[in-house]
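Participant: Please find the sequence and the predicted model below.
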Amino acid sequence: MSSKDIREKYIKFFTDRRHKEIAPAKLVPENDPSTLFTSSGMQPLVPYLLGQSHPAGKRLVDSQPSFRAEDIEEVGDNRHTTFFEMLGNWSLGDYFKKEQLPWIWEFLTKELELKPERLFVTVFGGDNNSQVVTPDGKTFELGLDADSVTEWSKLFEKEKIAPIVVDMTNPETSPLEISAGRIFQYGVSKNWWSRSGSPDKMPTGEIGGPDSEVFYDFGINLGLHEESPWKDQPCHPNCDCGRFLEIGNSVFIQYQKQADGNLKELDQKNVDFGGGLERLTAAAGDKPDICQTDLFKDIIKSIEGLIQAANVYGVKGPKDNFRIIADHIKGATFLIKDGVEPSNKLQGYILRRLLRRAAVEMHFLDGFKLKAMNKMSDLVEAVVETYQGTGYFEEVDINMIKKVIDEEMQRFEKTLEKGLKEIEKIDQIDGKKAFDLYQTFGFPYEVTEELFRQKGQEIDREQFRKEFEKHRELSRTASAGMFKGGLADHSETVTKYHTATHLLHQALRDVLGPQVFQKGSNITSERLRFDFSFDRKMTDEEIKQTEDILNKRIEEDLKVERKIVSPQEAKEIGAIGLFDEKYGNEVSIYGIGPGFALDPKAKDQRERAGYYSLEFCGGPHVEHIGIIGKIKITKEEAVSAGVRRIRAQIV
Ligand code: SER
């Protein structure tokens, strides 16, 4: 079964069950400085999971391209990637566990035809360190998700499979019990989901809840059992040895963290399901390696082509180099498509790391000779081919993506030369120095090891590993920090800037003409950045006029209003912005200025209705624009042909 079939079957399965298909968000979230990337399907939906009504209704489904920078070091095994597609379905206060679990079971066993006996599930076993507060003020300990146990038991029983429940939170559980288990209970580290992790790590306002995962059993141990943290026990779903692959996770988002540390039950109980398309495809094909699925095969083949058959995946040479290159080139292609450029900051830095890591792996695979890395951009074509028919690369300039990669490779070659000279200077390499080379020049450990083997030196692998772990812990903490606040907790300044971009959009159209359209936007708590279509530099006079309009509107303290209307109605009243057919019968629009002094020469419906700005948008926004304060345009520059960029600040 192809990945395309699986994607289509999933969307159909849920639209048949009255879900609306929604358009995926971009990989780099707009107007959300709290996070670098869209890393799950639920991320753009946080306001709706918190209770805001979604224009498409209470049942949603999509396939969301996602990126997890925090997994970069895990790539190379049989299942981890930075970029992946997450199939997701949501209930926004509609159905709950009794519907969700049987549906997922039906999808897996009937649509994907996975054999029930190959499926194992996990549920939340409770946490005696967390307290729940009910709406009437009673508190109780966060307990076992007994409803999920009951649902799964019924489903297994129907298939004549014994639903043996095993409590993995109990140290007394015997190896015999583990071997016989089908439904496994774990604690907060495995079966609790929030964007920040376990309940104690959730910031105030963050939402989350118990989750229930489904694992596919490949029936084989990939030989990594000895490295598993559970090595003293028989294999079980979370063992990590490669025998079991997690293929889907139903999160029951039913709690919100409170300032006093307790978890409050949400009025609206939600379901948030996410399943990695790459893994589902591997399970459907019974292949314990995502690189053997159609989502990677052609990319791997292209890599083999570039390194001129010096190595063949799975036949000669280690697999992890291929996997890293394939994952990183794919991630890089998607990031560049969504507007990221290599740099030393934020998303640009992650892109740079992907490209440079992939380059060094290539350098390694071709025996440091063939300079295959200079041809790395050729792999972009295989990535684009892989996603043919999905629409992801429609209207995308592939040559632009290749050019960005070529330029980065030229820069990297220079750095690499310097790094190699540096290595020449080192008399005796140790694990710490090997790690510094890895950090500074992106030399993977194996490359440094190989270079010194040639010089007759051995490196202390354990010392390298310790440095590496120390660093990994630090970058994990840093990326967890990026989630703090999340969409659930938009800061006031960010919200002000968001409303200011709407004003700016309209002011630019007033000054430069209706050909101006938003092309992108990015906000931090220090400034806004706004890209728009326009084919020349703005004059100083035009910049001043725009600024004056913005500040005049702000002085008028116009009101901001959200409306849910039909797409037809939105178009009729002249709302601008991204419009997606998939939004179904209703769309959310934000209007600034009901009560705005009507221009007697009002030229369109928007002005007649008294709105200064009217845009398709999910929010959030300030209620009155007076609180934004004064805006100053600090820079106007070109981004690409026909696209200009403005930076502005609240002063
Ligand atoms: N939010 C959950 C996850 O990312 C399920 O969608 O795994």
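Facilitator: Arrived safely, thanks for sending. On a predicted model such as this, the values are computed, not experimentally measured, just so you know.
Participant: can you count the residues close to the closest residue to the ligand within the stretch 1-150 of the chain?
Facilitator: Nearest to the ligand in the stretch 1-150 of the chain, going by Cβ to the nearest ligand atom, is residue 40, at a distance of 3.5 Å. No exception for glycine: its C-beta is placed from N, CA and C like everyone else's. Look at residue 40: counted by other Cβ atoms under 10 Å, it has 21 neighbours.
Participant: Tell me the secondary structure at it.
Facilitator: Under DSSP: H, G, I helix; E, B strand; the rest coil, residue 40 falls in the coil class.
Participant: Surely it and residue 67 touch.
Facilitator: No: counting by Cβ atoms under 8 Å, residue 40 stays clear of residue 67, with 10.0 Å between them.
Participant: any residues in contact with both of these two?
Facilitator: The contact sets of residue 40 and residue 67 do not overlap (Cβ atoms under 8 Å, 6 or more residues apart in numbering).
Participant: Contacts for the helix or strand harbouring residue 185, please.
Facilitator: Here residue 185, judged by DSSP states H and E, is contained in strand 183-186. Strand 183-186 has contacts (Cβ under 8 Å, 6+ apart) with 120-126, 144, 149, 152-153, 156, 163-169, 191, 236-238.
Participant: let's go with 7 Å and repeat that
Facilitator: Residues outside strand 183-186 that contact it (Cβ atoms under 7 Å, 6 or more residues apart in numbering): 120-123, 125, 144, 149, 152-153, 163, 165-169, 236-238.
Participant: Quick one: neighbours of the residue lying closest to residue 567 once chain neighbours are set aside, just the number.
Facilitator: Spatially, and ignoring its direct neighbours in sequence, residue 567 is nearest to residue 587 (5.3 Å; Cβ to Cβ, 6 or more residues apart in numbering). For residue 587, the neighbour count with other Cβ under 10 Å is 24.
Participant: Now residue 587: phi and psi?
Facilitator: Taking degrees, to the nearest 10, you get phi -130, psi 160 for the backbone angles of residue 587.
Participant: check contacts around it.
Facilitator: Residue 587 is in contact with 55, 565, 567, 570, 616, counting by Cβ under 7 Å, 6+ apart.
Participant: Surely the fourth one touches residue 589?
Facilitator: Yes: with contact defined as Cβ atoms under 7 Å, residue 570 and residue 589 form a contacting pair (5.3 Å).
Participant: quick one: the strands in the stretch 251-400 of the chain?
Facilitator: For the stretch 251-400 of the chain, strands defined by DSSP state E, counting those that start in this stretch occupy the ranges 263-276.
Participant: got it, and the stretch 401-550 of the chain?
Facilitator: For the stretch 401-550 of the chain, strands defined by DSSP E, counting those that start in this stretch occupy the ranges 518-523, 528-533.
Participant: counting contacts, what elements does the last one pack onto?
Facilitator: When you say that, I think you mean strand 528-533. Applying 3 or more Cβ pairs under 7 Å, 6 or more residues apart in numbering; DSSP states H and E, one finds that strand 528-533 contacts helix 492-512, strand 518-523, strand 643-650.
Participant: again, but for the first one
Facilitator: Counting contacts by 3+ Cβ pairs under 7 Å, 6+ apart, strand 518-523 is packed against helix 492-512, strand 528-533.
Participant: Any chance of those in JSON lines with mean neighbour count, distance to residue 458 and mean pLDDT as columns?
Facilitator: Formatted as JSON lines, the helices and strands packed on strand 518-523 follow (neighbours: other Cβ atoms under 10 Å; distance: least, Cβ to Cβ, whole Å; pLDDT from 0 to 100):
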{"stretch": "helix 492-512", "mean neighbour count": "21", "distance to residue 458": "51", "mean pLDDT": "92"}
{"stretch": "strand 528-533", "mean neighbour count": "20", "distance to residue 458": "50", "mean pLDDT": "91"}
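Participant: of these, which approaches the ligand most closely?
Facilitator: helix 492-512 (22.6 Å).
Participant: Quickly find the element holding residue 620.
Facilitator: For residue 620, there is no enclosing helix or strand under DSSP H and E.
Participant: no wait, residue 249
Facilitator: Residue 249 is part of strand 244-257 when elements are defined by DSSP H and E.
Participant: List the neighbouring strands of that strand plus their orientation.
Facilitator: Neighbouring strands of strand 244-257 in its sheet, by DSSP bridges, are strand 207-217 (antiparallel), strand 263-276 (antiparallel).
Participant: Could you identify which of these is most buried?
Facilitator: strand 207-217 (a mean of 24; mean count of other Cβ atoms under 10 Å).
Participant: pLDDT below threshold where in the stretch 1-150 of the chain?
Facilitator: 31-34 (pLDDT under 70).
Participant: where along it do the helices fall?
Facilitator: Secondary structure of the stretch 1-150 of the chain (DSSP state H, counting those that start in this stretch): helices at 3-15, 46-49, 97-106, 146-158.
Participant: hang on, the earlier thing: most neighbours among the contacts of residue 587, which one?
Facilitator: Comparing the contacts of residue 587 on neighbour count, residue 570 comes out first with 24 neighbours (neighbours: other Cβ under 10 Å).
Participant: mind listing what that residue touches?
Facilitator: Neighbouring residues of residue 570 by Cβ under 7 Å, 6+ apart: 587, 589, 616.
Participant: Name the residues linked to the first one by a beta bridge.
Facilitator: In this structure, residue 587 bridges to residue 565 when assessed by DSSP bridges.
Participant: Repeat that for the last one.
Facilitator: Taking DSSP bridges, one obtains residue 589 as the residues bridged to residue 616.
Participant: Residue 496 versus that one, what's the distance?
Facilitator: Noted for residue 616: a distance of 20 Å to residue 496, by Cβ to Cβ, to the nearest Å.
Participant: Equivalent analysis for the first one, please.
Facilitator: Residue 587 sits 24 Å away from residue 496 when distances are taken as Cβ to Cβ.
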